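In: Output the structure for:
(one chain, ligands or ions: 2)
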Amino acid sequence: MAKIIGGITTSHIPAIGNAMANKQENDPYWQRFFAGYEPVKQWLAEVKPDLAIIVYNDHGLNFFLNQVPTFAMGCADEYRNADEGWGIPEMPSFKGDAPFSWHVAESLINQGVDMCTCQEMLVDHGFTVPMALMWRDLPEWPVKTLPFAVNTVQHPLTSAKRCYEVGKALRTAVESYPEDMKVVIIGTGGLSHQLQGERSGLIDVEYDIQCMDAIVNNPEWMCSQSNTEIMEKAGTEGIEVIMWMVMRGALSDKVNVLHKHYHAPISNTGAGVLLLTNSEE
Ligand code: DHB
Ligand code: FE
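Out: Ligands and ions are numbered 1, 2, ... in the order given. The predicted structure follows:
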């Protein structure tokens with residue numbers, strides 16, 4: 001059977017993509033940020049997952065504002081990247097697993113999560129930057145992928161609570177796939193940031209740390225927060241943190257924290273890394 005073997009969280013900002021492309025990882029500005037990923041890369045190299053579910057938001061590459069699904073997933077054998085205008089070099093395409101995706105889609109829909117299914121899907125920095133953070137040193141991507149897009153751009157948005165519920169359904173969906181497969185789930189985005197308006201540049205370190213602790217130990221607290229409450233604290237784009245709740249929902253109620261790291265600011269955001277495994281089956 002397929003199994004979710006762990007969950008990871010990461011920022012996905014385009015500046016990270018440019019720093020990697022320009023080999024700036026050891027520059028003083030970036031050094032501590034990238035060091036936060038070493039234990040995660042090591043763990044991935046040890047456990048060798050077969051497939052990564054990347055929970056991210058599309059920022060206008062695949063879904064422009066004229067058509068924005070709340071939850072969408074890739075159901076293809078290949079996902080391409082394309083130029084988004086951030087200056088990040090285009091990345092080689094990513095492998096998908098269409099039969100696995102269709103199984104997950106069917107199970108989610110049967111559980112009441114009405115997914116949008118995409119047989120063509122361009123993936124943007126929300127997806128490509130996390131992939132590169134985990135696996136850029138290898139000659140080719142060592143995992144198949146399932147892009148799982150959550151609208152965090154055009155209101156009305158779904159909630160932290162709903163993302164948590166969807167994560168639980170996702171676990172049931174994955175773990176009912178008959179093939180043996182090790183699956184890792186990566187929640188991307190956040191933490192606090194606002195890229196526009198009077199409060200642009202806002203970062204709230206205390207709130208970020210509170211969210212990271214709650215995601216580990218008290219996901220119900222995250223679920224109790226409205227989007228307005230989250231955006232008041234974390235900024236309008238800080239709402240991306242709700243995607244971490246899909247990851248959290250896909251793990252057991254209690255989790256082991258194998259690694260935790262926080263760094264701010266990086267570009268305009270607070271950046272958090274968590275590596276979690278199930279502590280109950
Ligand atoms: C930045 C953060 C994001 O989440 C994003 O999608 C684009 C830019 C930033 O901090 O610069
Ligand atoms: Fe973003």
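In: buried stuff in the longest helix seen in the chain?
Out: If you go by DSSP state H, the chain has its longest helix at helix 160-174. For helix 160-174, the neighbour count (16 or more other Cβ atoms under 10 Å) marks 160-171, 173-174 as buried. (Glycine included, C-beta is placed from N, CA and C.)
In: Stretch 45-56 now?
Out: Within stretch 45-56, the residues that count as buried by 16+ other Cβ under 10 Å are 49-56.
In: and those residues near ligand 1, which?
Out: For ligand 1, no contacts are drawn from these by Cβ under 6 Å from any ligand atom.
In: quick check: mean pLDDT across the one helix or strand residue 9 maps to?
Out: Assessed by DSSP states H and E, residue 9 sits inside strand 2-10. Average pLDDT, strand 2-10: 98.
In: Using PDB, list the CA coordinates for that strand.
Out: These are the backbone C-alpha positions of strand 2-10, laid out as PDB (Å, rounded to 0.1, in the frame of the first residue of the first chain):
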ATOM      1  CA  ALA A   2       1.100   3.600  -0.500                       C
ATOM      2  CA  LYS A   3       2.000   5.400   2.700                       C
ATOM      3  CA  ILE A   4       2.700   9.000   3.800                       C
ATOM      4  CA  ILE A   5       6.100   8.800   5.400                       C
ATOM      5  CA  GLY A   6       6.500  12.400   6.400                       C
ATOM      6  CA  GLY A   7       5.600  16.000   6.000                       C
ATOM      7  CA  ILE A   8       7.800  19.000   5.300                       C
ATOM      8  CA  THR A   9       7.100  22.700   5.200                       C
ATOM      9  CA  THR A  10       9.000  25.300   3.300                       C
END
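In: That strand vs ligand 1: in contact?
Out: No: no part of strand 2-10 sits close enough to ligand 1 to count as contact by Cβ under 6 Å from any ligand atom; the gap is at least 11.0 Å.
In: all strands for the stretch 51-200 of the chain, in order.
Out: For the stretch 51-200 of the chain, the strands defined by DSSP state E, counting those that start in this stretch cover 51-56, 71-74, 78-79, 94-95, 116-118, 144-150, 181-188.
In: Isn't residue 36 up against residue 266?
Out: No: using Cβ atoms under 8 Å, residue 36 is not in contact with residue 266, being 9.8 Å away.
In: Give me the common contacts of those two.
Out: Shared contacts of residue 36 and residue 266 (Cβ atoms under 8 Å, 6 or more residues apart in numbering): none.
In: quick one: the residue sitting furthest away from the middle of the chain from ligand 1, how far?
Out: Taking Cα atoms, centre = their mean, the residue of the chain most remote from its mean C-alpha position is residue 198, at 27.3 Å. As for residue 198, its distance to ligand 1 is 17 Å (criterion: Cβ to the nearest ligand atom, to the nearest Å).
In: measure the single nearest residue of the stretch 101-250 of the chain relative to ligand 1 to residue 272 for me?
Out: Across the stretch 101-250 of the chain, no residue is closer to ligand 1 than residue 193, which sits at 5.0 Å (Cβ to the nearest ligand atom). Counting by Cβ to Cβ, to the nearest Å, the gap from residue 193 to residue 272 is 12 Å.
In: next one: residue 132
Out: 18 Å.
In: Compare the two (neighbour count), which wins?
Out: residue 272 (24 against 19; other Cβ atoms under 10 Å).
In: near ligand 1, anything from stretch 224-231?
Out: No: under the criterion of Cβ under 6 Å from any ligand atom, stretch 224-231 makes no contact with ligand 1; the nearest approach is 13.7 Å.
In: how about the residues of this protein near ligand 1?
Out: 12-15, 59, 189, 193, 195, 237, 240, 267-269.
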